[in-house]
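K.L.:
here's a sequence, model it:
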Amino acid sequence: MTDLNSDFNQDDVKDCGLLETEAAFQKTLSKDKRNLAALLGMGELKAAKGDDRAANAFYKAAFNMVSAGAAIPGELNPKFLEAQRFLGGARARFENYLLSRLENIGVGGPDTPRSVLHALDLLMGRREIFHQKPSMFYYPGMPQREFYERGEFAWLDQVEAAIPAMQTELQGVIAETDEFSPYVESHPNRPQPNNPLLNDRSWGAYYFWKSGVAVTSHLDKCPKTVAALETAPIPQIKERSPMALYSVLEPGTHITPHYGLLNTRLICHIPLILPPDCALRVGGETRAWKNGEALIFDDSFEHEAWNRSEERRVILLFEIWRPEISEDERTALTTLFESINDYQKPVAI
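P.N.:
Down below sits the predicted model:
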């Protein structure tokens, strides 16, 4: 039998038995672990034996080589196409097997916990792994969760029950103020944000509290909205919070991917005017708003939003403490954030 080397040619083993062929491939790979022909050949042999896991490993090693810049010899193109077909089928068989095992313990199908489905999506390569990357302050130990579910917050029932009243108050505001202030604004004492919507009213804001300061004239116009917000665990931090506003996206507006300042909070969205084709992506998951339902997420993950409709979208946006942070921690964090604000302030003489 021909002794294979790094210049392996499949014709050398076409007449060998299966075991001899596999041994020849292994010998080649022991000398040149990056040999594309041998990797594809081993993948094909393992697939023929019904060993999906081993075939996956060899085929993926070959694809990784190509991703890293290795050229594909023309004669190997059919082998790569066959490898692609195999990997697609093997992935489906693997997932079906896992789901069947979950069903055996009563948690398969629609009853599978969301976190398990998320993990399965990551395992199958359907989702990318994202992590919290707040632009200002990172608090360790927080769960890496993009979205939270409405049922986790008992106080949300009262907020959602007030949505019709909030919508009526919003219409009163729109009747008086049809153009809103830009959400992203430049400030003379700070570098300008690198945001395509800087000073653009396409992403508008109508504040009830801004940086912890009440906008009294706006609060007075929307008493039922204010009353609903009083049920939420909104931080009270001098010069920072409360923060609550109408967030307005005009037709065709796209808020590009970005990160929030902190991972000590969650952001709540209450949809008030909701045209079709509007959605929010947080990390690896995209959700559309639903009428009458709050949407809660961690904005320290990369996130973006869009309004692809021909109508204006308006939500009530406010922040809350993360539920995992205890009262003692909240007190300490409040002091810490207020101290950050006070640092290097001019001292009165």
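K.L.:
how about Glu176: what's its closest non-neighbour residue?
P.N.:
Lys221 (8.0 Å; Cβ to Cβ, 6 or more residues apart in numbering). C-beta coordinates here come from the backbone N, C-alpha and C atoms, glycine included.
K.L.:
ok, that neighbour - how many residues close by?
P.N.:
Other residues near Lys221 come to 18 when the count uses other Cβ atoms under 10 Å.
K.L.:
could you number the chain from 94 rather than 1 from now on?
P.N.:
Got it, first residue is 94 now, which makes that one Lys314.
K.L.:
contact partners for it?
P.N.:
Applying Cβ atoms under 8 Å, 6 or more residues apart in numbering to Lys314 gives the contacts 262, 265-266, 269.
K.L.:
repeat the analysis, applying 10 Å as the threshold.
P.N.:
For Lys314, the residues meeting the contact criterion (Cβ atoms under 10 Å, 6 or more residues apart in numbering) are 262-263, 265-266, 269-270, 299, 301, 308.
K.L.:
what subset of those residues is buried?
P.N.:
Among these, those classed as buried by neighbour count (16 or more other Cβ atoms under 10 Å) are 262-263, 266, 299, 301.
K.L.:
tell me the pLDDT at the residue most central in space within the chain?
P.N.:
Centroid-nearest residue in the chain, with Cα atoms, centre = their mean: Gly376, separated by 1.2 Å. pLDDT for Gly376: 95.
K.L.:
quick check: longest helix of the protein.
P.N.:
Using DSSP state H to define each element, the chain has its longest helix at helix 170-197.
K.L.:
ok, then the element right after that one?
P.N.:
Sequence order places helix 207-216 as the next helix or strand after helix 170-197, per DSSP states H and E.
K.L.:
list the neighbouring strands of the helix or strand following that following helix plus their orientation.
P.N.:
From helix 207-216 onward toward the C-terminus, using DSSP H and E, the following helix or strand is strand 240-241. With DSSP bridges as the criterion, the sheet partners recorded for strand 240-241 are strand 388-390 (antiparallel).
K.L.:
give me the average confidence score over the partner strand.
P.N.:
The predicted model assigns strand 388-390 a mean pLDDT of 98.
K.L.:
stretch 256-274 too?
P.N.:
pLDDT averaged over stretch 256-274 gives 94.
K.L.:
ok, the nearest residue to Phe430 once chain neighbours are set aside to Ile360 distance?
P.N.:
Nearest residue to Phe430, sequence neighbours excluded (Cβ to Cβ, 6+ apart): Ile330, at 5.1 Å. Look at Ile330 and Ile360: by Cβ to Cβ, to the nearest Å, they are 15 Å apart.
K.L.:
fine, thanks again, bye for now.
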